[in-house]
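*Asks:* okay, here's the prediction I keep looking at, along with the sequence it came from:
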Amino acid sequence: MIQSVKCIGILTSGGDSPGMNATIRAVTRTAIYNNIEVKGIYRGFKGLITNEIVTFKTNSVSNIIQQGGTILKTARCDEFLSVEGRKIAFENMRKHNIDALVVIGGDGTLTGATIFAQEYNIPIVGLPGTIDNDLLGTDVTIGYNTALNTIVEAVDKIRDTASSHERLFFIEVMGRNCGALALNSAIAAGAEAAIIPEISIEKDQLHEFISQGFRKSKNSSLVLVAESEITGGALQLAERVKNQYPQYDVRVSILGHLQRGGSPTAQDRILASRMGFAAIQALLESQRNIMIGIRNEEIVYVPFSKAIKREKPINPDLVNLLKVLSI
Ligand code: F6P
């Protein structure tokens, strides 16, 4: 094992997700345990450009494992998209003697990291921190389980009022262009249907849902809708129902950013701890430009090129399960 890395920089970027703090803690403590210095970079790649970089000690990450959000703050940084921005970022890295980066975030974060790594030949390890669960090569992302539980708790509450008023509810959830949150929360909350982008391309899910006579045995219905231009979103679907099927009493609930907050579940804390530890292990093994993933409970290294920019397929068994159980 050759240890060439002496000092790492750690940052969180893009949409925050519950478990990011547990990840920062695991990376920091594992690095220090292995005699690697740690620099916390604030506000993602933006902080690398504006030089918001501080030394982290073991107690810098005390009392954060249970906190949602990210103590390092986060941002989506346009400046990092430019050659000039990345040059300043690299110069600041050098000023602080940072010779490798650990970046926590989603698709956009790993895309930025890929360009930066290629341009300056820097070892970078990515950790999948996003509620969307849209990164290929890992079964789950950090924050996904917590967000799923948050959604299910909200849907359970909406069910009470939907049932009392005998209404059809469209509940919109996040996920960017990925239907994982919508489909799995529909199964977990016992909803009638999920309208997700992966299927919207092939068929008109709303028409299918209505024409199957969803109200045969039920007086109220819950439909989970994945936000996306492809599904049209909950408001658009509700408008369609109002125009085409006026006999239904329709309401919309857009869960929004509450899905990204809250204390991470035990499952997310353990995932974050395992992945954070693995990021340092990977650097010690001279790995670079990989994302840490988990497949069948085993930690895996996923090349950036595989993790990003490709659609993660939806499990058709889950689609069928929802259809059968919602009769
Ligand atoms: O990627 C995480 C995510 O929460 C997506 O699900 C959502 O589309 C997006 O971020 C929202 O971003 P913002 O917080 O910038 O509105």
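*Replies:* Perfect, I can see it now. Residues are numbered from 1 along each chain as shown.
*Asks:* tell me where the stretch 51-200 of the chain has strands.
*Replies:* 53-56, 100-105, 124-128, 168-173, 193-195 (DSSP state E, counting those that start in this stretch).
*Asks:* figure out which of those is closest to Glu227.
*Replies:* Among the strands of the stretch 51-200 of the chain, the nearest to Glu227 by Cβ to Cβ is strand 168-173 (5.5 Å). All C-beta atoms are positioned from the backbone trio N, CA, C, and that covers glycine.
*Asks:* contacts (any at all) between the ligand and that closest one?
*Replies:* No: for a cut-off given as Cβ under 6 Å from any ligand atom, strand 168-173 has no contacts with the ligand; the smallest distance is 8.3 Å.
*Asks:* partner strands of that strand and their direction?
*Replies:* Strand 168-173 sits in its sheet next to strand 221-226 (parallel), strand 250-254 (parallel), going by DSSP bridges.
*Asks:* residues near the residue nearest to Leu181 when sequence neighbours are not counted, how many?
*Replies:* Closest residue to Leu181 in three dimensions, ignoring its sequence neighbours and counting by Cβ to Cβ, 6 or more residues apart in numbering: Gly175, at 4.5 Å. By the measure other Cβ atoms under 10 Å, the count of residues near Gly175 is 27.
*Asks:* quick check, pLDDT for Arg215.
*Replies:* What the model reports as pLDDT for Arg215 is 58.
*Asks:* hang on, I meant Ser4
*Replies:* 85.
*Asks:* next: Ser220.
*Replies:* 85.
*Asks:* adding distance to the ligand and mean neighbour count, write the strands paired with strand 168-173 out as CSV.
*Replies:* Formatted as CSV, these follow (distance: least, Cβ to the nearest ligand atom, whole Å; neighbours: other Cβ atoms under 10 Å):
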stretch, distance to the ligand, mean neighbour count
strand 221-226, 9, 28
strand 250-254, 12, 17
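*Asks:* any figure for the gap between Gly15 and the ligand?
*Replies:* 3 Å (Cβ to the nearest ligand atom, to the nearest Å).
*Asks:* between the strands of the stretch 51-200 of the chain, which one is nearest to Gln205?
*Replies:* Here strand 193-195 is closest among the strands of the stretch 51-200 of the chain (Cβ to Cβ), at 4.7 Å.
*Asks:* who does that closest one pair up with?
*Replies:* Sheet partners by DSSP bridges: for strand 193-195, these are strand 221-226 (parallel).
*Asks:* contacts for the strand it pairs with?
*Replies:* Here strand 221-226 makes contact (Cβ atoms under 8 Å, 6 or more residues apart in numbering) with 151, 155, 158-159, 162, 167-173, 175, 178-179, 181-183, 185-186, 189-197, 209, 214-215, 231, 233-234, 237.
*Asks:* tell me which residue is most central in the chain.
*Replies:* Centroid check for the chain by Cα atoms, centre = their mean gives Thr130 as the closest residue, at 1.7 Å.
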